[in-house]
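>>> need a structure here:
(4 chains)
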Number of protein chains: 2
Amino acid sequence: MPTATAAQRRDEARLAYNAFVAACPTRQLLDTLSDKWVCLILSALVDGPRRHSDLARTIAGVSQKMLTQTLRRLERDGLVTRTVTPSVPVRVEYELTALGNDLAPVLGAIKLWAEAHMDEVFAARDAYDAT
Amino acid sequence: MPTATAAQRRDEARLAYNAFVAACPTRQLLDTLSDKWVCLILSALVDGPRRHSDLARTIAGVSQKMLTQTLRRLERDGLVTRTVTPSVPVRVEYELTALGNDLAPVLGAIKLWAEAHMDEVFAARDAYDAT
DNA sequence: CCGGATCCCGTGCGATACTG
DNA sequence: CAGTATCGCACGGGATCCGG
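Predicted coordinates for the structure are as follows:
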């Protein structure tokens, strides 16, 4: 069989990697992706490249340390590119890679879901706490 | 008085929810949803109700403390229901609510993405570390 | 035996201050 | 303006014990 279909390859990948298994490397990847800063940063980058300070302003409340740290992880994992323009002052721009562009809407969906269903969650909490 | 609290929160709701704002309640919700255990638990519950010990077996590596803790939060937020059958031994079943059923595929998508793109991330890491 | 609560330690976050 | 360094503290999370 010369070529496998895309669906077949996807099935293989699904079998090979299973995040329910503790030792599976996807468990660690899932852990790093399940991070509010990752979600917010990728969401902030969907509209195009952003500077470091620009991101810090957009994502209110992020400490400078976490921003840099998270961006580094994302860069290492091939989700964003880091471009330094040696001007004065230095200009550092972050941009989504193709892979990052693929992931961004997936994480963005969580952000949107949270914003859309906040009221229902509040109602559930009130009901729960009243009990 | 619960209605006062609910009314108060409804007032907040008049403003558009935006997780980029630090003080926005969705930021906290986003933070709790951005959790690997939440992702795995909801993914494990999509096929129907599951017992506590059953979940612990499916989600390898989760301590029962984290399992219980996370399930409580999910219950409070109206994402799962907890049903205790007072038999011997006690039988505790967790099931997705309508709200949980709405969220589950969103979080499940992250798990699937991680499993599907693990190889690309590995390649990116190798390239990054080689530099 | 199942499900939950408690204790306790290490990680990791945030605040602050400093360098290029 | 971007990044690094240091420290203190809170919290995540595992081991262990408890109730039924």
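>>> can you map out the helices along chain A?
A:6-16, A:25-33, A:36-45, A:52-58, A:64-76, A:98-130 (DSSP state H).
>>> would TSV of those with mean pLDDT, mean neighbour count and distance to B:Val84 be doable?
In this view, the C-beta of every residue, glycine as well, is placed from N, C-alpha and C. Shown next, in TSV, are the helices of chain A (pLDDT from 0 to 100; neighbours: other Cβ atoms under 10 Å in any protein chain shown; distance: least, Cβ to Cβ, whole Å):
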stretch	mean pLDDT	mean neighbour count	distance to B:Val84
helix A:6-16	56	11	35
helix A:25-33	92	20	30
helix A:36-45	96	23	32
helix A:52-58	95	15	45
helix A:64-76	96	16	40
helix A:98-130	94	18	15
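>>> Let's have the ones you listed in TSV, adding distance to B:Asp102.
Rendered in TSV, the data for the helices of chain A read as follows (distance: least, Cβ to Cβ, whole Å):
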stretch	distance to B:Asp102
helix A:6-16	23
helix A:25-33	20
helix A:36-45	18
helix A:52-58	28
helix A:64-76	28
helix A:98-130	7
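>>> Looking at these, spot the one closest to A:Val88.
Nearest to A:Val88, of all those, is helix A:52-58, at 15.2 Å by Cβ to Cβ.
>>> Next, see if that closest one gets close to DNA strand C.
No - contact of helix A:52-58 with DNA strand C (Cβ under 7 Å from any atom of the strand) is absent, the minimum separation being 10.6 Å.
>>> Pull up the residues of chain A that are close to DNA strand C.
Checking chain A against DNA strand C by Cβ under 7 Å from any atom of the strand, the hits are A:62-66, A:69, A:89-90.
>>> can you rerun that using 10 Å?
A:31-32, A:35-37, A:61-70, A:73, A:88-90, A:92 (Cβ under 10 Å from any atom of the strand).
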